[in-house]
Structure formats: C-alpha cells, structure tokens
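>>> Pasting a predicted model and its sequence here:
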Amino acid sequence: MARPRLHDDSLRASLLDVASQQISEHGESAVTVRGVAQAAGTSASAVYALFGSREELVAAVSVEGFRRFAVHLGSAPTTGSPTDDLLTLGLAYRTSALADPHFYRVMFEGPATAGGAIPAVAEPTFDVLRQAVARVLEAASREGSSTPPPRQALQAAVEEASLVLWGLVHGLVSLELGGLLPGGPETSARRYEQAILAVGPPLLRAAPSLSAP
C-alpha cells in the first residue's frame, strides 16, 4: 500500500508564497523556517520535509519565481507580426511582475542573481525574450537586404538588443513596484507601452547593421 503524501504541492506553493513575501519585505536574513511555517499555518517539520533546509527554501523561491515568469511570458500570444509580438511580450512582462510582486523582487534581488551574469535559473525567462527579438531581427534582415548579416553577427545583435530591452522593462517595472513612478496604474501602463515603442523599434532597426562586419 502506498504511503500517503503528508505534504502536497498546495502546501509547497503556500510556503513559497509566504517566504517570497517575507524576503521581499524584510530581507533574506529575516526568514526563518519557524516563521514561514507559522505564517502558512503548518509546522516547521513540513518545511524541512518539503525543502530540506532554510537555505533550500530561499533558493526555491527564486526558482519558482523564474518558473512562473517563464510560463507567463511563454504563453503570450503570437501573430504574423514579430514586432507586434515583441510588444505583447513586453506588456506581458509587466503584467507578470505586478501579479507576483514579491516573487519578482526576490528573483532579481536575491542570491540567485548575485553573480552579475544571467544565472541558469533565469535563462528560460531570458530565452523567451531572446527568441522574440531574434524573430524581429531575422525578419528585418530579410526585408532590408538580399544578403543578410552573418549568423554569428545576427546572434550577437540578438543578445545585445535583448539585454537592452530587458534592462528597459526591468527598470520601469522595478520603479513601479517601488512606488517611485507618479500616477496610478493606468498612467504607468501607458508610460510603459510608450517607452517600449519609443526605444524598441529604433534599437531593433539598428542592431543588424551595427553588428554586421
């Protein structure tokens, strides 16, 4: 007879939600297994059974945040227009961040991203953006010249443009979550879309020619 599951996925998700909120509001050092367990209405033993240790719980918060983020961005609808799809993806980025603000803060301010480079846990999220940018630049290179830039140059352009666009949307979202932007949600949404439209197209138009030898 199979052993019953004492702790299920629902409890795990609840613990991650609680831990993400505590880390976001008070910092990683303020998180304790007992405190998270009490806030989630369970026992410390349940936390250890699901995560093994406090450190693994904290790490799991970042992993879960990036997982949710990648799923949300990956589900953004696509059309026959790579440029429109990239804008849709940019808007989905903000929507996802605002839907899980505690996870978002931990994702980019926690230990998982302390190394400076894009961490492995963030790669699926960044790859969604990278693919969308690649579709735009590939379409532009086909339309603008009968001789497209070398593949290596195009890949370098995709990487650079993706980083710049990520920096743009991340900066605006972080300012909004921090309450540092004037106006309400509608104003922020309009400002966000205007910024993408103002910066994105010129950057993408210039990228292939700048990267080609």
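That came through, no problem.

>>> outside of the helix or strand T125 falls within, which residues touch it?
Under the criterion of DSSP states H and E, T125 resides in helix 123-144. Helix 123-144 is contacted from outside by 66-67, 69-70, 73-74, 82-83, 85-86, 89, 93, 118, 148-149, 154, 157-159, 161-162, 165-166, 204-205, 207-208, using C-beta atoms under 8 Å, 6 or more residues apart in numbering. (Glycine included, C-beta is placed from N, CA and C.)

>>> now do stretch 33-45
7, 11, 14-15, 18-19, 22, 46-48, 54, 57.

>>> what do you get if the cut-off is 7 Å, keeping everything else the same?
11, 14-15, 18-19, 22, 46-48, 54, 57 (C-beta atoms under 7 Å, 6 or more residues apart in numbering).

>>> Any chance you could list what contacts stretch 161-173?
90, 93-94, 97, 108, 126, 129-130, 133, 137, 192, 195, 199-200, 203-204, 207.

>>> Put the buried members of those residues into a PyMOL selection.
Entered in PyMOL, the line below selects the buried ones among the contacts of stretch 161-173, by 16 or more other C-beta atoms under 10 Å:
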select buried, resi 90+93+94+97+108+126+129+130+133+137+192+200+203+204+207
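
>>> Show me the contacts of stretch 161-173 that map onto strands.
Of the contacts of stretch 161-173, none are assigned to strands by DSSP state E.

>>> Show me the contacts of stretch 161-173 that map onto helices.
Within these, membership in helices is found for 90, 93-94, 97, 108, 126, 129-130, 133, 137, 192, 195, 199-200, 203-204, 207, as judged by DSSP state H.
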